[in-house]
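Novice: I need the structure of the sequence given here:
(chains A, B, C and D)
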2 protein chains.
Amino acid sequence: MNLVGDILRGYTDMLLLAVLEERDSYGYQVNQLLQEKTDGAFSLTEATLYTSFKRLEKQDCIVSYWLETKNQKKRKYYSITSNGKKLLKEKKKEWEEAKALIEQVLQKNHQ
Amino acid sequence: MNLVGDILRGYTDMLLLAVLEERDSYGYQVNQLLQEKTDGAFSLTEATLYTSFKRLEKQDCIVSYWLETKNQKKRKYYSITSNGKKLLKEKKKEWEEAKALIEQVLQKNHQ
DNA sequence: TTGTTATACCTAATCTGTCAATGTATAAAA
DNA sequence: TTTTATACATTGACAGATTAGGTATAACAA
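Specialist: Numbers count the residues shown, from 1 in each chain, chains lettered A, B, ... in the order given. A predicted model of the protein is given here:
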């Protein structure tokens, strides 16, 4: 959350789910993907990232499994569940609504 | 903040400043204006509203003065300062950036 | 007349997501 | 051999938002 500070609060879970919807990923990779998608402009702090994973796993929105690379490096992969897809859908809708509200308020009255 | 929950967190100050940029208003009226602008979909809880006013006043982004109506009702009006206009401009820019980032992440890769 | 609704202000305690700081561990590169 | 990148994770502090409470007046309905 290095660039935009507190202003993205509440959207973290949605962003993680959006990344995981494309493919299973592990924490470090999720951040890399977020950076790729935003041309390096955005990534999460590790604390926020893993806290979010914990939260989502507790809600049965993601599940995790360990995989080992050739060179014995362990990675914890996360996979989105049907519950997670449902939440993502809801959060996207909420996002669209919130976006619309903000735009409506920012638009000036010309009467 | 009744409809969209935590998802608008961090934008409260921007929204208040946007309303006050159009005209001086008092707390209760600000909420009415927010509701008008969003077709009844959005308003702030009073606690959030007055906390935000306090915060903005401390940062010299708004100033306040009391006015009385004919029927002795006292209203505390808020007026945006040059500092507030500057902050609003910054927050709008941040909002555009945050919006772009989110859209970039939500967009799927089609390759 | 009494109760309710709308108007109008405000604060304290609590909740929750984010961040800074810290920790562990391995592999690769300088 | 030290630094950088990779990879996981937790703790304490911070700050914005909500819940719940408070005061007070005016208008309206029962």
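
Novice: What is the longest helix seen in chain A packed up against?
Specialist: Ranked by residue count under DSSP state H, the longest helix found in chain A is helix A:82-106. Secondary-structure packing of helix A:82-106 (3 or more C-beta pairs under 8 Å, 6 or more residues apart in numbering or on different chains; DSSP states H and E): helix A:12-22, helix B:12-22, helix B:27-37, helix B:82-106. C-beta coordinates here come from the backbone N, C-alpha and C atoms, glycine included.

Novice: Quick check: buried residues in the third one?
Specialist: Translated: helix B:27-37. B:Gly27, B:Val30, B:Asn31, B:Leu33, B:Leu34, B:Lys37 (16 or more other C-beta atoms under 10 Å in any protein chain shown).

Novice: In contact with the fourth one, which residues?
Specialist: This means B:Leu33. Going by C-beta atoms under 8 Å, 6 or more residues apart in numbering or on different chains, B:Leu33 touches B:Val19, B:Ser25.

Novice: From B:Gly40, how far out is it?
Specialist: 12 Å (C-beta to C-beta, to the nearest Å).

Novice: same check, this time on the fifth one
Specialist: According to C-beta to C-beta, B:Leu34 and B:Gly40 sit 10 Å apart.

Novice: any idea of the angle the longest helix of chain A forms with helix A:12-22?
Specialist: Counting by axes from the mean of the first three to the mean of the last three C-alpha atoms, to 10 degrees, helix A:82-106 lies at 130 degrees to helix A:12-22.

Novice: circling back to that earlier point, same list, the buried residues of helix B:27-37, but as CSV with distance to DNA strand C and pLDDT please.
Specialist: Output for the buried residues of helix B:27-37, formatted as CSV (distance: C-beta to the nearest atom of the strand, whole Å; pLDDT from 0 to 100):
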residue, distance to DNA strand C, pLDDT
B:Gly27, 3, 95
B:Val30, 8, 96
B:Asn31, 8, 94
B:Leu33, 11, 95
B:Leu34, 13, 94
B:Lys37, 16, 93
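
Novice: Neighbours of A:Ala47, how many?
Specialist: Counted with other C-beta atoms under 10 Å in any protein chain shown, the neighbours of A:Ala47 add up to 9.

Novice: give me the element it is part of.
Specialist: helix A:46-58 (DSSP states H and E).

Novice: on that earlier part again, in CSV: the helices and strands packed on helix A:82-106, plus distance to A:Ile80.
Specialist: What follows is the helices and strands packed on helix A:82-106, written out as CSV (distance: least, C-beta to C-beta, whole Å):
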stretch, distance to A:Ile80
helix A:12-22, 4
helix B:12-22, 31
helix B:27-37, 35
helix B:82-106, 14
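
Novice: Output the ones you listed in CSV, with distance to DNA strand D appended to each entry.
Specialist: Output for the helices and strands packed on helix A:82-106, formatted as CSV (distance: least, C-beta to the nearest atom of the strand, whole Å):
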stretch, distance to DNA strand D
helix A:12-22, 12
helix B:12-22, 4
helix B:27-37, 10
helix B:82-106, 12
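
Novice: Out of those helices, the one nearest A:Glu57 is which?
Specialist: Ranking the helices and strands packed on helix A:82-106 by proximity to A:Glu57 (C-beta to C-beta) places helix A:12-22 first, at 10.9 Å.

Novice: does the closest one come close to DNA strand C?
Specialist: Yes - using C-beta under 7 Å from any atom of the strand, helix A:12-22 reaches DNA strand C at A:Thr12, A:Asp13.
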